[in-house]
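A.B. asks: The sequence and its predicted three-dimensional model are supplied below.
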Amino acid sequence: MRVKVQDVMTTEVVSVKGSTPFKDVAEVLIAHGVSAVPVVDGEGHVLGAVSEADLLVREEFKEQYYGEGYQPPLRARLRRRLSKGGARVGEKVHGDIAAGLMTAPAVTVRPHASVAAAMRLMAGHGVKRLFVVDEKGRLIGIVSRGDLLKVFLRSDADIAGEVREDILDHSLWAATSDVQAAAEQGVVTLTGTMERRSDAQLAVRMTERVNGVVDVIDHITWRVNDVPVWKGR
């Protein structure tokens, strides 16, 4: 039920070396239509990342690629203005190679991480993409915010089919032949009857974990209430 980063990542990733000149880094971003590029060493280990925001501190980048009088996006301007690393920004102004321009360490993720974990990592670091690395820290792919969101664009038929086949038919020990699952706009409705209340609750919780499920409406009835009632003092 858990889609992994390796299932949605792109394996063809453009990268630069730490010694790559400033203008060549800019050319890579423009030519490939990307907003950031990883910086790797000779063995492919990710050392950092150079983004458009890193290059925008250099006037020649703005003039050469965007024209006279270009203003970077408001978010980039505010991030630079509010940055506490003023000295670091000053260093980037004079940086001539990727190693002097990059932000390090880069935000990376392992291929076996879940999509949910990757989303939390992106949100926590305020980035739009994660570089995927193997157990030795070598670059093997990249995953963007758009890649992760595609998981939630599954058809209702696909979602309902997974709930039926993977949860109701195979993951639960209890009899589920009287339970039906229907999906509409990502909202799954479970109806029918099960023997025990605990099994019905488990079916709901497992359904909530299916990728693409927005919400679960629980209309399952049960014959035996085996859920203990907590009695406070």
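C.D. replies: Thanks, I have the structure now. Residues are numbered from 1 along each chain as shown.
A.B. asks: so where do the helices sit in this protein?
C.D. replies: Residue ranges of the helices in the chain, as given by DSSP state H, are 5-8, 22-32, 52-55, 59-66, 74-82, 86-93, 98-101, 115-125, 145-149, 156-162, 197-208.
A.B. asks: What is the distance between the last one and the centre of its chain?
C.D. replies: A distance of 27 Å separates the centroid of the chain from that of helix 197-208, by C-alpha atoms, centre = their mean, to the nearest Å.
A.B. asks: i'd like the first residue to be 21 from this point on
C.D. replies: Done: numbering now begins at 21, and the last item shifts to helix 217-228.
A.B. asks: Please identify the buried residues of it?
C.D. replies: Taking 16 or more other C-beta atoms under 10 Å as the neighbour-count basis, helix 217-228 is seen to contain the buried residues 217-220, 222-223, 226-227. (Each C-beta comes from the backbone N, C-alpha and C, glycine too.)
A.B. asks: any weak-confidence spans in the chain?
C.D. replies: The model of the chain has pLDDT under 70 over residues 21-22, 77-115, 250-253.
A.B. asks: again, only this time at 80
C.D. replies: Scanning the chain for pLDDT under 80 picks out 21-23, 73, 75-115, 171-173, 249-253.
A.B. asks: Run a quick neighbour tally on Arg158.
C.D. replies: The number of residues packed near Arg158 is 14, by other C-beta atoms under 10 Å.
A.B. asks: That one and Glu63 touch, don't they?
C.D. replies: Yes - here Arg158 reaches Glu63: they are 6.6 Å apart, a contact under C-beta atoms under 8 Å.
A.B. asks: thinking again about what came up before, now tabulate the buried residues of helix 217-228 in JSON lines and tack on distance to Arg140.
C.D. replies: What follows is the buried residues of helix 217-228, written out as JSON lines (distance: C-beta to C-beta, whole Å):
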{"residue": "Arg217", "distance to Arg140": "32"}
{"residue": "Ser218", "distance to Arg140": "29"}
{"residue": "Asp219", "distance to Arg140": "30"}
{"residue": "Ala220", "distance to Arg140": "29"}
{"residue": "Leu222", "distance to Arg140": "25"}
{"residue": "Ala223", "distance to Arg140": "26"}
{"residue": "Met226", "distance to Arg140": "21"}
{"residue": "Thr227", "distance to Arg140": "21"}
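A.B. asks: ok, these vs Arg130, which is closest?
C.D. replies: Nearest to Arg130 among the buried residues of helix 217-228, counting by C-beta to C-beta, is Met226 at 24.5 Å.
A.B. asks: Ile240 versus that closest one, what's the distance?
C.D. replies: The gap separating Met226 from Ile240 is 12 Å, by C-beta to C-beta, to the nearest Å.
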